[in-house]
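> give me coordinates for this.
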Amino acid sequence: MKEPDPEEFVDHQDSGDFTQIVTHMYRAEVQRSYNWRNRLDRTTEWSIVILSALTTWTFSVPERRHELLLSVLIFMGTLLWIESRRYRYYNVWSSRIKTLEENFLAKTLSPDKEVSTRQWMATLADDLRNPRFKIPLWIAVAHRIRRVYFWLFSLTIMLWIGKLAIHPTPVESLGSFINRAAILGLPGYSVMILIGVFLLGTGALAVLGSRHELKGAKIVEKKGTGKDWDKMT
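You can find the predicted model right below:
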């Protein structure tokens, strides 16, 4: 049985009706993308609010413990996980928007440029029937670390080091500084090593993730795999 050809289907439709349908679809996908973009912003804002509040509270009294600043990393890690899940949803709508812009709107504005109608329509139709995430979760985590959380983690650790250096009194030697970092029976040098490993690990994940992300959201044809989406950064 011959498979339906999207181009033949479009040829039998009223061009005005088809354009109207696609236009409404584009507007709906933009609205969805906008809503999920706002959700991403909220988790980032909460990270900044928590960091600001605990930094102010901790530095306001010299006797307050430095561990409070490290606890911010736990809150940020939780928000990073939530934000990464939200980013996967945002990426779905953004990928569809990019596809419509490149293959429908761009073709309308510049008819002389060739576009493979059969290819993008078939893939987009399949995605509407069977919606799925375009990127794995760890890529989403790496993306949000690279864009936002690596810098927040770094700032938190710098503030923690500053707290150790000046409270309860200005540090007089490197040994004294390291000893102040002790937490829950762990010696200060062990805590320093763990913090360094954490920061290096998040940085390595961000770099590794960037190498696996494909630029853009084009529809491409790959040998042996058929039609597929490019992953979107």
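> per-residue pLDDT, the residue nearest the centre of the chain?
With the centre of the chain defined as its mean C-alpha position, the nearest residue by CA atoms, centre = their mean is Arg144, 3.6 Å away. Predicted confidence (pLDDT) for Arg144: 95.
> wait, it sits on Arg86?
No - when contacts are counted by CB atoms under 8 Å, Arg144 is not listed as touching Arg86 (9.1 Å). C-beta coordinates here come from the backbone N, C-alpha and C atoms, glycine included.
> all helices of this structure, in order?
Using DSSP state H, the helices assigned to the chain run over residues 6-11, 15-60, 67-100, 106-109, 117-129, 137-144, 150-166, 174-180, 188-212.
> give me the helices and strands touching the longest one, please.
Which is helix 15-60. If you count contacts as 3 or more CB pairs under 8 Å, 6 or more residues apart in numbering; DSSP states H and E, helix 15-60 packs onto helix 67-100, helix 150-166.
> kindly report the same for the fifth one.
Other helices and strands packing on helix 117-129, by 3+ CB pairs under 8 Å, 6+ apart, are helix 6-11, helix 67-100, strand 219-222, strand 226-229.
> what of the last one?
Helix 188-212 sits against helix 137-144, helix 150-166, helix 174-180, with contacts defined as 3+ CB pairs under 8 Å, 6+ apart.
> deepest-packed of those, please.
Compared across those, helix 137-144 shows the largest average neighbour count, a mean of 21 (mean count of other CB atoms under 10 Å).
> what's that helix packed up against?
Short answer (3+ CB pairs under 8 Å, 6+ apart): helix 137-144 packs on helix 67-100, helix 188-212.
> could you dump those into a markdown table with mean neighbour count added?
Shown next, in a markdown table, are these (neighbours: other CB atoms under 10 Å):
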| stretch | mean neighbour count |
| --- | --- |
| helix 67-100 | 20 |
| helix 188-212 | 14 |
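> out of those helices, which gets nearest to Ala140?
Distance to Ala140, taken as CB to CB, is lowest for helix 67-100 among the helices and strands packed on helix 137-144, at 4.1 Å.
> and the angle from that closest one to helix 15-60?
For helix 67-100 against helix 15-60, the angle between stretch directions is 170 degrees (axes from the mean of the first three to the mean of the last three CA atoms, to 10 degrees).
> let me see the contact set for Met25.
By CB atoms under 8 Å, 6 or more residues apart in numbering, the contact set of Met25 is Leu100.
> gap between it and Ser110?
Using CB to CB, to the nearest Å, we find Met25 at a distance of 21 Å from Ser110.
> thinking again about what came up before, now distance to Gly201 too, for the helices and strands packed on helix 188-212, in CSV please.
Rendered in CSV, the data for the helices and strands packed on helix 188-212 read as follows (distance: least, CB to CB, whole Å):
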stretch, distance to Gly201
helix 137-144, 11
helix 150-166, 10
helix 174-180, 21
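> wait, which of those is closest to Gly188?
When those are ranked by distance to Gly188, counting by CB to CB, first place goes to helix 174-180 at 4.1 Å.
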